[in-house]
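Student: this one's sequence-less:
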C-alpha cells in the first residue's frame, strides 16, 4: 500500500469522526466476560473473548450496556479501568546477559503474585515508574527491565550485539534468573513487536498478553512514519526532522539519519538524535503533550532512543522476512490476548493492528476512538488497565 493511500485512509477516518452521533446505526456492545456461546480453542483453559459483529468505535470507556451485558455484569466482578497508585520496587538489580551488555531490572507489587513482564517501546525507550501503574499490585508481581543500551542498562546506546533475538534471549535469562516459570507479557509500540517475537519463540512461558499500538516493522509502517506519510498530519513537526537532512539525501531518511547517528563526531550524533526523537515525541499523542515533547531535549535519552531505533529499522528488525510475526500467529493463537489500539495513532497507524486482528480474530481487539499512540492517553490507559484486570480474572478462574 502506498504512503498516499495510507494517508488518505487515515484522513478519511479523521473526517468520519465528525459525523453526528444520531446519523450512525446503533452499535452492538462487547461484554468484558465470555458467555456460554463463545467457542473454545485449543490450549490452556480458555475464557477468551470473541466477537464477530461489532462497531470498532464502541471500544471506549463509555460503553453502553444492553440487557444482556447488564445481566453478565451483575454476575461478574467490576472491572477497574483506573491506573493504580504509584508504588516503589521491592527489589532491583543488574543482570549480565553477554560479555558486553548488562540489563537493569526491578520488581514491584506482590512478590508472591502472578508474574507480568513489561516490555518497553522504542526500541531504546527504557522504562519509567509510571509503567508499574497498569497492574494491580496486590495480584501481580510486576517485572520491568531496560532493554540493551536503554535506560539504566549498560553500555548506554550500544548497538553491538543488540538485535531482536538478543532481546528475546535476555527475557528468558531474566525469567530464569528470577525463578519464574511463566508470566503475562505486556508491551506497546516496539514492545508489541518484541512481545510477539518472544511469545512466538516461547509460547509455553506465556500465560497471556496485552499488546498496544501494534508495530510489526514492515516497510509500509517505516515508510509511513519516516518517509513522509505522517508529515501530512504533522507538517510542523516534520519540517525540523526533514530539514536536518540535505535535499540530496532525502531519498531515504532512515539511511540518512543512520549515517549521522553513527558519526564519529558526538555533536553530529546528538543533533540527529534530538531531531529524530522530537519528531516521534511530538506525534505520540492525539492532543499535544508538553511533557512528552520535552523528552526530546534530554540528550542522553535521545541518543539511546534514536540510535537503537534507527539501528533496528535499518536492519528490518532482524526478522527473517517482514511478515514473520504474522506468519507465526498459529504458535500463540491459544494465548489469551488483548490488543489495544488508538484510532488516530500516527506513529503506529491502525492498519497494523487491523492486520494482526484479521490474522488473529480470537484475540480481544479494542479500538479507542479518541486516542493516538501514547499509553498515557486517558482512553488508552483505561483500556490497558481493563485488559490486565480481565486477564487477572481469567487467571483466578483457571486456578479455581
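Tutor: Done, it's in. Quick caveat, the model's predicted, so the values are computed rather than measured. Residues are numbered from 1 along each chain as shown.
Student: Show me the shaky parts of the protein.
Tutor: 1-77 (pLDDT under 70).
Student: swap the cut-off to 80 and go again
Tutor: 1-78 (pLDDT under 80).
Student: Would you point out which residue is most central in it?
Tutor: residue 188 (1.1 Å; Cα atoms, centre = their mean).
Student: so what's that one closest to, chain neighbours aside?
Tutor: Excluding its sequence neighbours, the residue lying closest to residue 188 (Cβ to Cβ, 6 or more residues apart in numbering) is residue 212, at 3.4 Å. (C-beta placed from N, C-alpha, C; glycine too.)
Student: cool, and residue 209?
Tutor: residue 337 (4.2 Å).
Student: Report how many residues lie close to that neighbour.
Tutor: Using other Cβ atoms under 10 Å, residue 337 has 26 other residues around it.
Student: Pull the contacting residues for it.
Tutor: Contact analysis of residue 337 by Cβ atoms under 8 Å, 6 or more residues apart in numbering lists 48, 208-211, 360, 362-364.
Student: Repeat that for residue 272.
Tutor: With Cβ under 8 Å, 6+ apart as the criterion, the residues that contact residue 272 are 244, 257, 260-261, 263, 306.
Student: which of those residues are buried?
Tutor: Buried members of the contacts of residue 272, counted by 16 or more other Cβ atoms under 10 Å: 244, 257, 260-261, 306.
Student: quick revisit: which one of the contacts of residue 272 sits closest to residue 83?
Tutor: Of all these, the one with the least separation from residue 83 (Cβ to Cβ) is residue 306, at 28.4 Å.
Student: Surely residue 103 forms part of a strand?
Tutor: Yes. Counting by DSSP: H, G, I helix; E, B strand; the rest coil, residue 103 is found in a strand.
Student: so what's the residue nearest to residue 188 bridging to?
Tutor: On the basis of DSSP bridges, residue 212 is bridged to residue 188, residue 340.
Student: So which other helices or strands are in contact with the longest helix belonging to the chain?
Tutor: The residue-count maximum for a helix in the chain (DSSP state H) belongs to helix 378-399. When contacts are defined as 3 or more Cβ pairs under 8 Å, 6 or more residues apart in numbering; DSSP states H and E, helix 378-399 packs onto strand 114-119, strand 183-188, strand 206-212, strand 337-342, strand 364-368.
Student: quick one: residue 118 from residue 273, how far?
Tutor: Going from residue 118 to residue 273 by Cβ to Cβ, to the nearest Å gives 24 Å.
Student: same deal with residue 290?
Tutor: Relative to residue 273, residue 290 is positioned 20 Å away (Cβ to Cβ).
Student: need the helices for the stretch 151-300 of the chain, in chain order.
Tutor: 164-177, 190-201, 219-226, 235-243, 253-261, 266-281, 290-293, 299-314 (DSSP state H, counting those that start in this stretch).
Student: Need the contact partners of the fifth one.
Tutor: Yep, that's helix 253-261 we're talking about. 222, 226-227, 241-242, 244-245, 249-250, 268-269, 271-273, 275-276, 306-307, 310-311, 313-314.
Student: From residue 339, how far out is residue 358?
Tutor: Counting by Cβ to Cβ, the separation of residue 358 from residue 339 is 11 Å.
Student: can you tell which of the helices of the stretch 151-300 of the chain is closest to residue 138?
Tutor: Nearest to residue 138 among the helices of the stretch 151-300 of the chain is helix 164-177 (22.1 Å), distances taken as Cβ to Cβ.
Student: between that closest one and strand 114-119, how big is the angle?
Tutor: If you take axes from the mean of the first three to the mean of the last three Cα atoms, to 10 degrees, helix 164-177 sits at 150 degrees to strand 114-119.
Student: Please find the angle between the direction vectors of helix 164-177 and strand 183-188.
Tutor: Angle between the axes of helix 164-177 and strand 183-188 is 140 degrees (criterion: the same axes, to 10 degrees).
Student: So which elements touch helix 164-177?
Tutor: Taking 3+ Cβ pairs under 8 Å, 6+ apart as contact, the helices and strands that helix 164-177 lies on are strand 91-96, strand 102-109, strand 114-119, strand 140-145, helix 190-201.
Student: which ones are touching the residue nearest to the centre of the chain?
Tutor: Residue 188 neighbours (Cβ under 8 Å, 6+ apart): 121, 211-213, 340, 375, 384.
Student: would JSON lines of the helices and strands packed on helix 164-177 with mean neighbour count and distance to residue 232 be doable?
Tutor: Formatted as JSON lines, the helices and strands packed on helix 164-177 follow (neighbours: other Cβ atoms under 10 Å; distance: least, Cβ to Cβ, whole Å):
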{"stretch": "strand 91-96", "mean neighbour count": "14", "distance to residue 232": "43"}
{"stretch": "strand 102-109", "mean neighbour count": "21", "distance to residue 232": "38"}
{"stretch": "strand 114-119", "mean neighbour count": "24", "distance to residue 232": "30"}
{"stretch": "strand 140-145", "mean neighbour count": "26", "distance to residue 232": "36"}
{"stretch": "helix 190-201", "mean neighbour count": "25", "distance to residue 232": "23"}
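Student: Alright, that wraps it up for me.
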